[in-house]
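A.B. asks: kindly generate the corresponding structure for this input.
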Amino acid sequence: MLGAAILALSASAFASRQTQTARIASACSVGSGEGYGYTYLTELLVKRTSCSTGKSLVRHKGKLHGWHCNKKVLQRDSIQYDARMSCKRGGRRVTYIYTQNT
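C.D. replies: Sure, this is the predicted structure:
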């Protein structure tokens, strides 16, 4: 009986953490995806920071003081490539996916 109560409490705590994490991480609207310095910006996700900070980081192509970014090319052909840029600064995270014509 005590084990079931502890298990129920653990499940409740886990669900609460997931809800808090969901509130912290969010997707930002990018409109048409044009005008950010890439051919198309298709996705922008931020965690523990604002969408405006994420958009600023995108416009500066991941080169803002204090931020460290890694680029991974997801798909490439002779005309364009898709890439994901993952940036961090302490506990803050910004991830964006874009398409760039070559």
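
A.B. asks: C-alpha only now, for contacts and for neighbours.
C.D. replies: Will do.

A.B. asks: all strands for this protein, in order.
C.D. replies: According to DSSP state E, the chain carries its strands in the segments 25-27, 40-47, 68-76, 80-89, 92-101.

A.B. asks: make TSV from those strands and add mean pLDDT and distance to H60 to it.
C.D. replies: Formatted as TSV, the strands of the chain follow (pLDDT from 0 to 100; distance: least, C-alpha to C-alpha, whole Å):
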stretch	mean pLDDT	distance to H60
strand 25-27	88	19
strand 40-47	97	13
strand 68-76	98	11
strand 80-89	98	12
strand 92-101	97	13
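
A.B. asks: format those strands as CSV; extra columns: mean neighbour count and distance to G54.
C.D. replies: Shown next, in CSV, are the strands of the chain (neighbours: other C-alpha atoms under 10 Å; distance: least, C-alpha to C-alpha, whole Å):
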stretch, mean neighbour count, distance to G54
strand 25-27, 16, 10
strand 40-47, 20, 6
strand 68-76, 13, 12
strand 80-89, 17, 9
strand 92-101, 20, 6
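
A.B. asks: quick one, which of those strands is nearest to G62?
C.D. replies: Smallest distance to G62 across those (C-alpha to C-alpha): 5.9 Å, for strand 68-76.
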